[in-house]
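S.K.: Got a predicted model here, sequence first, then my questions.
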Amino acid sequence: MTSVSSPPRTIRIGSRKSQLALVQTYWVREQLQKSYPDINFEVHTMSTQGDKILDVALAKIGDKGLFTKELELGMIEKSIDFAVHSLKDLPTNLPEGLALAAITERENPADAVVFHEQYKGQTLETLPAGAVIGTSSLRRLAQLRHKFPHFTFKDVRGNLNTRMAKLDAGEYDALILAVAGLERLEMSDRIHQILPPDISLHAVGQGALGIECRADDAELITILKAIQHPQTRDRCLAERSFLRSLEGGCQVPIGVNTEINGDNLTLTGIVASVDGQKLVKDTVTGLAKDAEQLGTQLANTLRQQGATEILEEIFTEIKRGS
Ligand SMILES: NCc1[nH]cc(CCC(=O)O)c1CC(=O)O
């Protein structure tokens, strides 16, 4: 599709080095290569802060851009042209000069439970009191504590393989992980339970990939639109607008669920306290083309129901380092 007169362009894709990031990046490259066989897509890998700090709970270091900053610098300095992110790791406000050019079709956005071998065939409902559940997400922690106050919750960090090894070694009785990550790493066979929205609302953007590039690279933005999935984009724009309006990063107990029916989009959101005691939840429906407005509308509704107080409490606790 490039014109015969101009030489084919080389486009440099930036990626984190983790196995999941590489699988995602090479998938994006393959999809783009199908639409643009004459373009040369090169993959450039780099480590991000989030890959280096593995021993501190995410909530304590403040996560904004932890997995994206180095890639964003690369785009601004023009050492790479675009970056592939797990959309849920991409902050809702991008640095000046960068844009979210495309959102790809989302995998199942739900959270999954992986049990230790000893509990195979069980569900969270049948697991004994005191069982040790591993999660590093305040969102999962708050919602599960609300439903299952009799479990013990323990932080878990590291890549998927490291986490699985810790589970198998008996450090945990179960882990809560994204279905999407497990599927992309071909570990679907380890999923024992998929959590429905009434138990766990997923993270904003979970299961989708976000492609970020320089906002003034019009040619590249046109190329990237080839892999955009309009329904996923509408859902994720509503989710991201909701999160942005609440001014929370991914490490606050905010969860969502979205559905598209014809021209309509339904967005459900929750804001919970870390102890799972306080929780506000509501739903809005409107036209999918007004996705971002729906996100703002739901954020305002939840603020009226007490979300602001819940969030302020959490920010104070995190600052205090508790
Ligand atoms: N913050 C970690 C992270 N970022 C993206 C995924 C994979 C799932 C996705 O693309 O949403 C995961 C792992 C997890 O939450 O279990």
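M.R.: Done, it's in.

S.K.: Every contact and neighbour count from this point should use C-alpha atoms.
M.R.: Noted.

S.K.: where do the strands sit along the stretch 201-322 of the chain?
M.R.: 209-214, 254-261, 264-272, 279-287 (DSSP state E, counting those that start in this stretch).

S.K.: which one of those is the most hemmed in?
M.R.: Per residue and on average, the most neighbours among the strands of the stretch 201-322 of the chain fall to strand 209-214, with a mean of 26 (mean count of other Cα atoms under 10 Å).

S.K.: In space, what's closest to whichever residue of the stretch 1-150 of the chain sits closest to the ligand - neighbours in sequence excluded?
M.R.: Residue nearest to the ligand within the stretch 1-150 of the chain (Cα to the nearest ligand atom): residue 86, separated by 4.6 Å. The spatial neighbour of residue 86 that comes closest, neighbours along the chain excluded (Cα to Cα, 6 or more residues apart in numbering), is residue 209 at 4.8 Å.

S.K.: tell me the contacts of the one you found?
M.R.: 24, 84, 85, 86, 87, 103, 104, 105, 106 (Cα atoms under 8 Å, 6 or more residues apart in numbering).

S.K.: measure the residue nearest to residue 19 when sequence neighbours are not counted to residue 109 for me?
M.R.: If you skip the residues right next to it in sequence, residue 19 has residue 185 as its closest partner in space, 7.8 Å away by Cα to Cα, 6+ apart. Relative to residue 109, residue 185 is positioned 15 Å away (criterion: Cα to Cα, to the nearest Å).

S.K.: Settle it for me: which of those two has more neighbours?
M.R.: More neighbours sit around residue 109 than around the other of residue 185 and residue 109, counting by other Cα atoms under 10 Å; the figures are 21 against 14.

S.K.: That one reaches residue 182, doesn't it?
M.R.: No: no contact is recorded between residue 109 and residue 182 when judged using Cα atoms under 8 Å, the distance being 11.3 Å.

S.K.: what does the stretch 201-322 of the chain put close to the ligand?
M.R.: When proximity is defined by Cα under 6 Å from any ligand atom, the stretch 201-322 of the chain lies next to the ligand at 206, 207, 208.

S.K.: Same list, those, but as a markdown table with neighbour count please.
M.R.: Written out in a markdown table, the entries for those read as follows (neighbours: other Cα atoms under 10 Å):
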| residue | neighbour count |
| --- | --- |
| 206 | 26 |
| 207 | 26 |
| 208 | 24 |
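
S.K.: Mind jotting down where the helices sit in the stretch 51-200 of the chain?
M.R.: With DSSP state H, counting those that start in this stretch as the definition, the stretch 51-200 of the chain shows helices at residue ranges 58-61, 69-76, 138-147, 160-168, 179-184.

S.K.: The longest one vs strand 254-261, what angle?
M.R.: Between the axis of helix 138-147 and that of strand 254-261 there is an angle of 90 degrees, by axes from the mean of the first three to the mean of the last three Cα atoms, to 10 degrees.

S.K.: what angle do helix 138-147 and strand 264-272 make?
M.R.: Using the same axes, to 10 degrees, helix 138-147 lies at 80 degrees relative to strand 264-272.

S.K.: Strands along the stretch 1-150 of the chain, start to end?
M.R.: Listed from the start of the chain, the stretch 1-150 of the chain has strands (DSSP E, counting those that start in this stretch) covering 10-16, 40-46, 82-86, 98-103, 111-115, 132-134.

S.K.: how about JSON lines for those, with mean pLDDT and mean neighbour count added?
M.R.: As requested, these are exported to JSON lines (pLDDT from 0 to 100; neighbours: other Cα atoms under 10 Å):
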{"stretch": "strand 10-16", "mean pLDDT": "96", "mean neighbour count": "21"}
{"stretch": "strand 40-46", "mean pLDDT": "95", "mean neighbour count": "16"}
{"stretch": "strand 82-86", "mean pLDDT": "96", "mean neighbour count": "25"}
{"stretch": "strand 98-103", "mean pLDDT": "98", "mean neighbour count": "22"}
{"stretch": "strand 111-115", "mean pLDDT": "98", "mean neighbour count": "24"}
{"stretch": "strand 132-134", "mean pLDDT": "98", "mean neighbour count": "23"}
